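[1] A predicted structure for the sequence below; I have some questions about it.
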Amino acid sequence: MNPRQVSIHDYSYDLPDEKIARFPLPARDMSKLLIYQRRSITEDRYRNISQHLPEKTFLIFNDTKVVEARLLFQKDAGGIIEIFCLEPSDEYPDITSAMSKTEKVFWKCLIGGASKWKIGLILQKQIKTTTGVVRLQARYVEKKSNYFIIEFSWMAVSLTFAEVLHVFGVIPLPPYIKRQVELPDAERYQTVYARQDGSVAAPTAGLHFTENIFARLSARKIDHDFLTLHVGAGTFQPVKSKTLEQHEMHAEFIEVSASLIKKIIDHLDNGIIAVGTTSLRTIESLYWMGLKIIAQPDIQKELLAVNQWDAYELDQGAVDSKQSLTAILNWLQKQKLSQLISKTQLLIVPGYAFKIIKGIVTNFHQPQSTLLLLIAAVIGDDWKKVYEYALNNDFRFLSYGDGCLLLRDDG
């Protein structure tokens, strides 16, 4: 089927409100784990996941860190303006460099109460810290079709914008967790290995992993490594059109080191499993980037970004995964770069031919979402069987819920 004609209504199921996890379990690794392998379903707990992974498996995690992206400002007249920071303005090459800015930065934002905020009007708030009073100002610069450009400025030159958000902001829980943010969320809506500031949503498949699990993986000689995809608010964007042709997939920043690409090449025959849909989309995007380099060896960095329909329209010829990944390494070496920084808009739907991954560890996703379409691409129509089992066996759904290990038939 033409991916543009995929009907989103074919990827729906009844999700009762009581199945949505509002809070995490007391222990991360006690979440339930559904295992789908060779078209059969079993279940266990996450702390035992190492026992269900094939030998020589290579796990790849997303080490992005959720930033306190919700900022609340009170106007002089008393009204509240909520600013939700999405991603840097286009003048910055990547999220990491924008997060490192001091004194001033421009950001794409959503605004709650925007009708009460006029262009040029400056909002401000201040907080007393151990080093003194810090004042943050927000200036309304411009309105775009789907977001606003806001200029943030602060006088504490020692603080980066990431640190400013940590001081002034609030962790943005997903909209379907219908409660106020509580103190434990600052830790629990974050993976234990989060390193790179930039996401407005957690890569939730990784929330279940603990140091104990990593020790067990090491004991079984199951290797792992990290990449970065900064999760944008678009991850919660519903598909509103009947088919995917009218749906615009959100683009997100990715960072992948040359050393990880070398490891992926070395493990192609062993079985690479993505921890989370964000890791999977990043890994698979590498193939299409390498394909672009092979077609145009001197391609500019900006043109490497993977577009929504690239996987269904680019001419693959006889290029295999190793050739494509090697092309990236050669390009990085030529550019004297140690890591690949780009964007991906890759949309993975049923019928997609996976190039690198053999399976995925993931949570249970919303009906009629691009994330559910990705799961259906991994295991076909059996996604219905998996979700029916989870609903009937007390699995908890969405970000703070339980999860599953899904292995492809050829995995």
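    It's in.
[2] okay, CA-based contacts and neighbour counts for the rest of this
    Fine.
[3] Give the other helices and strands that the longest helix anywhere in the chain contacts.
    Using DSSP state H, we find that the single longest helix of the chain is helix 277-295. In terms of contacts (3 or more CA pairs under 8 Å, 6 or more residues apart in numbering; DSSP states H and E), helix 277-295 is packed against strand 58-62, strand 223-229, helix 321-335, strand 339-344, strand 357-363.
[4] nearest spatial neighbour of the residue positioned nearest the centre of the chain, skipping sequence neighbours?
    With distances taken as CA atoms, centre = their mean, the residue of the chain nearest its centroid is V231 (3.6 Å). In space, and not counting its chain neighbours, V231 is closest to S199: 4.7 Å by CA to CA, 6 or more residues apart in numbering.
[5] cool, L244 as well?
    Going by CA to CA, 6+ apart, L244 has R4 as its nearest residue, at 5.0 Å.
[6] Then P174?
    In space, and not counting its chain neighbours, P174 is closest to A201: 7.2 Å by CA to CA, 6+ apart.
[7] repeat for S257
    Q339 (4.0 Å).
[8] how far away is the residue of the chain most remote from its centre from W117?
    Distance from the C-alpha centroid of the chain, by CA atoms, centre = their mean, peaks at A77 (38.0 Å). Computed as CA to CA, to the nearest Å, the A77 to W117 distance reads 11 Å.
[9] Model confidence score at T96, please.
    Here the pLDDT value assigned to T96 is 93.
[10] Test my guess that it contacts R195.
    No - counting by CA atoms under 8 Å, T96 stays clear of R195, with 11.0 Å between them.
[11] So in this protein, where's the weakest helix or strand by average pLDDT?
    Between all helices and strands in the chain, the lowest mean by mean pLDDT, DSSP states H and E belongs to strand 122-129, at a mean of 87.
[12] That strand: partners in the sheet, and parallel or antiparallel?
    Note on strand 122-129: by DSSP bridges, its sheet partners are strand 132-143 (antiparallel).
[13] The residue farthest from the centre of the chain: what secondary structure?
    Of the three states, A77 takes coil according to DSSP: H, G, I helix; E, B strand; the rest coil.
[14] Relative to R139, how far out is it?
    A77 is 17 Å from R139, by CA to CA.
[15] Also R396?
    To R139, R396 is 41 Å away according to CA to CA.
[16] who's more crowded, those two?
    Shown here are R396 and R139; by other CA atoms under 10 Å, R396 has more neighbours (22 against 19).
[17] Just to check, that one is in contact with K19?
    Yes - here R396 lies in contact with K19, judged by CA under 8 Å, at a distance of 5.5 Å.
[18] residues in contact with the residue nearest to A305 when sequence neighbours are not counted?
    Closest residue to A305 apart from its sequence neighbours, by CA to CA, 6+ apart: K343 at 4.9 Å. By CA atoms under 8 Å, 6 or more residues apart in numbering, K343 lies in contact with A251, E252, F253, I254, L304, A305, V306.
[19] in its sheet, what does the helix or strand containing K65 sit against?
    Using DSSP states H and E, K65 sits in strand 64-66. Sheet pairing of strand 64-66 (DSSP bridges) gives strand 196-199 (parallel).
[20] what mean pLDDT does the helix or strand following the partner strand have?
    Using DSSP H and E, the helix or strand that follows strand 196-199 towards the C-terminus is helix 211-219. Mean pLDDT, computed over helix 211-219, is 97.
[21] mind checking how far the closest residue to S12 other than its chain neighbours is from I375?
    In this structure, S12 finds its nearest non-sequential neighbour in P367, 4.6 Å apart by CA to CA, 6+ apart. Counting by CA to CA, the separation of P367 from I375 is 11 Å.
[22] And those two? Which one has more around it.
    More crowded of P367 and I375, by other CA under 10 Å: I375, with 23 against 19.
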